[in-house]
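**Student:** need a structure here:
(one chain, ligands or ions: 1)
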Amino acid sequence: MLNNKADSKTNIDKISGSKIIVALDYADATSAMSLVNQLDPTLCKLKVGKELFTAAGPQLVEQLVAKNFQVFLDLKFHDIPNTVAKACKAASDLGVWMLNVHASGGLEMMQAAKQAVEKSPNRPFLIAVTVLTSMNKAQLSLIGIKGTLENHVVRLAKLTKQAGLDGVVCSAGEAPKLRKELGSDFCLVTPGIRPENASLDDQKRVASPKAALSMGASYLVIGRPITQATQPLAALTQIYKEITQPQ
Ligand code: C5P
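**Tutor:** Modelled structure (predicted):
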């Protein structure tokens with residue numbers, strides 16, 4: 001469970017909704033909306049990333065919010081503290097439920113981001129990206145990061161918590177360690193989810209929805225297993241049932 005502490009007027013109170021975040025990885029608003037119109041906001045939240053946001057803009061986000069979807073704006077802000085704070089304020093004003101920054105932007109940048117969202121009447125969850133899953137040890141070494149990738153992930157996750165953010169994006173494989181190190185109040189948002197028998201696509205380290213939750217994930221980001229399904233609502237409903245039915 002997340003920390004519902006004093007800032008009770010916030011979007012954080014909406015933790016009770018679905019744990020499924022459908023990744024809207026589309027090139028334009030029309031394609032995204034044709035999928036969204038088949039989905040149900042009680043069964044999932046939606047993630048808007050850089051491609052769709054750059055093509056369709058804030059209007060699309062507002063449209064999704066108006067349809068009662070909780071929106072994760074996945075723009076991974078990384079800039080000087082003042083710029084990131086203003087971007088976070090602008091995202092909060094759109095009514096998004098969650099947004100993110102790069103933990104590598106540093107403690108001051110994350111603190112500035114947190115301060116900015118806290119002023120919002122509808123404070124969104126604010127999480128950070130630690131190490132992109134496209135990075136390996138060799139790539140990290142090229143940018144001057146020594147030591148293991150896992151240690152760097154934990155270091156950045158701890159910095160994220162120190163800055164007062166709500167959680168991080170991580171793979172299901174990283175979740176048990178982060179849950180242990182960062183505690184039960186820390187939000188872990190996990191992509192790389194594949195229901196049993198689903199195609200892996202380009203994902204290499206995957207977990208089933210149930211397995212990811214049992215490994216400590218708070219939310220599951222799921223794209224193609226739902227968006228490319230012949231019947232997206234049926235695919236979503238199936239996963240929803242799987243993770244909500246008692247053992
Ligand atoms: O289609 P699929 O389920 O693989 O989509 C996963 C989503 O999660 C995509 O939007 C992808 O960009 C995002 N993501 C990821 N791995 C990360 C961070 C984000 O797959 N480490």
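**Student:** hey, let's count contacts and neighbours off CA atoms from now on
**Tutor:** Will do.
**Student:** how about the residues of this protein that lie near the ligand?
**Tutor:** 23, 25, 132-133, 191-193, 203, 221-224 (Cα under 6 Å from any ligand atom).
**Student:** as JSON lines, these with pLDDT would be great.
**Tutor:** Shown next, in JSON lines, are the residues of the chain next to the ligand (pLDDT from 0 to 100):
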{"residue": "23", "pLDDT": "98"}
{"residue": "25", "pLDDT": "98"}
{"residue": "132", "pLDDT": "92"}
{"residue": "133", "pLDDT": "86"}
{"residue": "191", "pLDDT": "97"}
{"residue": "192", "pLDDT": "95"}
{"residue": "193", "pLDDT": "97"}
{"residue": "203", "pLDDT": "85"}
{"residue": "221", "pLDDT": "98"}
{"residue": "222", "pLDDT": "98"}
{"residue": "223", "pLDDT": "97"}
{"residue": "224", "pLDDT": "97"}
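**Student:** ok, residues contacting stretch 17-26?
**Tutor:** 32, 42-49, 51-52, 72, 218-224, 226-227, 240 (Cα atoms under 8 Å, 6 or more residues apart in numbering).
**Student:** just stretch 240-247 next, same as before
**Tutor:** Taking Cα under 8 Å, 6+ apart as the rule, stretch 240-247 contacts 18, 20, 43, 209-210.
**Student:** buried sites along it?
**Tutor:** Buried residues in stretch 240-247, counting neighbours by 16 or more other Cα atoms under 10 Å, are found at 240, 243.
**Student:** same deal with stretch 205-222?
**Tutor:** Those would be 206-213, 215-222, for stretch 205-222 by 16+ other Cα under 10 Å.
**Student:** strands - which of the residues you listed land there?
**Tutor:** 219-222 (DSSP state E).
**Student:** tell me the two of these that are most distant?
**Tutor:** 219 and 222 (9.6 Å; Cα to Cα).
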